[in-house]
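Colleague: Dropping the sequence and predicted coords here.
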Amino acid sequence: GAGVSQSPSNKVTEKGKDVELRCDPISGHTALYWYRQSLGQGLEFLIYFQGNSAPDKSGLPSDRFSAERTGGSVSTLTIQRTQQEDSAVYLCASSLELWYEQYFGPGTRLTVT
Amino acid sequence: GNSVTQMEGPVTLSEEAFLTINCTYTATGYPSLFWYVQYPGEGLQLLLKATKADDKGSNKGFEATYRKETTSFHLEKGSVQVSDSAVYFCALSASGGSYIPTFGRGTSLIVHP
């Protein structure tokens, strides 16, 4: 079946612009996660959604970052007024339930110039 | 809070050598434990998992045993191949308490012919 998809695969933007990153999880997966991976670094948790519960936003680095998940499916991560330090690969993952194994998308490589 | 500590890399081995990548964790409750692998230029994918104490996860010749008494989940393979060159991430997802998945920083494995 279809895996997790993300778009765009690459995004180059100018400092100060807003960007939107999209994630399509595996159908039927109730949990969806966003992570950030900087070059040579591990995964930095940003936010997760679980069913209809309020998302856990505790990993978002600043109020410039926000995310929503519509209809329990597609999710969008928005970064406002991008800064150079936002440059990274943004990974989305989904799982059947919160404590199950995660399935990762290919990521969106964001470059802020 | 929850944490995962894995050995620093890179680990450099010759083909057919024995591999061990150490992973220890701190968590409340009874976490599930995972190893994910990221091959060059690809996304993260699940390598193996264990959901309770003394379980052994295995896949593609890799094994890891969930040791509650030593809070460890070391990854082993008896004979590595060049194609095993990748970054390996140890992770946990807890039930109860915090549901935020916790990843180690990753260990790069380089296998030479």
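Modeller: Noted; the coordinates are in hand.
Colleague: what does chain A have sitting close to chain B?
Modeller: When proximity is defined as C-beta under 8 Å from any C-beta of the partner chain, chain A approaches chain B at A:33, A:41-43, A:45, A:48, A:50, A:56, A:58-59, A:91, A:93, A:98-107. All C-beta atoms are positioned from the backbone trio N, CA, C, and that covers glycine.
Colleague: can you map out the strands along chain A?
Modeller: Under the criterion DSSP state E, chain A contains strands at A:5-7, A:10-13, A:19-24, A:31-37, A:43-50, A:65-69, A:75-79, A:88-95, A:103-104, A:108-112.
Colleague: just how off-centre is the fifth one within its chain?
Modeller: It stands for strand A:43-50. When C-alpha coordinates are averaged (C-alpha atoms, centre = their mean, to the nearest Å), strand A:43-50 and its chain have centres 7 Å apart.
Colleague: what's the angle between it and strand A:65-69?
Modeller: 40 degrees (axes from the mean of the first three to the mean of the last three C-alpha atoms, to 10 degrees).
Colleague: what do you get for the fourth one?
Modeller: Here strand A:31-37 runs at 150 degrees with respect to strand A:65-69, directions being taken by the same axes, to 10 degrees.
Colleague: Just the buried residues from the residues of chain A next to chain B, in ChimeraX please.
Modeller: To isolate the buried ones among the residues of chain A next to chain B in ChimeraX, judged by 16 or more other C-beta atoms under 10 Å in any protein chain shown, type:
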select /A:33,42,43,45,48,50,56,59,91,93,98,99,100,101,102,103,104,105,106,107
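Colleague: Now do the contacts for residue 60.
Modeller: Since you didn't name a chain, this refers to chain A. Counting by C-beta atoms under 8 Å, 6 or more residues apart in numbering or on different chains, A:Leu60 makes contact with A:46-47, A:66-67.
Colleague: actually chain B
Modeller: Taking C-beta under 8 Å, 6+ apart as the contact definition, B:Lys60 lies against B:Leu47.
Colleague: Next up, phi/psi of it, please.
Modeller: Here the main-chain torsion angles of B:Lys60 (degrees, to the nearest 10) amount to phi 50, psi 30.
Colleague: follow-up on the earlier one: any chance of the strands of chain A in CSV, plus mean pLDDT?
Modeller: CSV is the format used below for the strands of chain A (pLDDT from 0 to 100):
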stretch, mean pLDDT
strand A:5-7, 97
strand A:10-13, 98
strand A:19-24, 98
strand A:31-37, 95
strand A:43-50, 94
strand A:65-69, 96
strand A:75-79, 98
strand A:88-95, 96
strand A:103-104, 96
strand A:108-112, 97
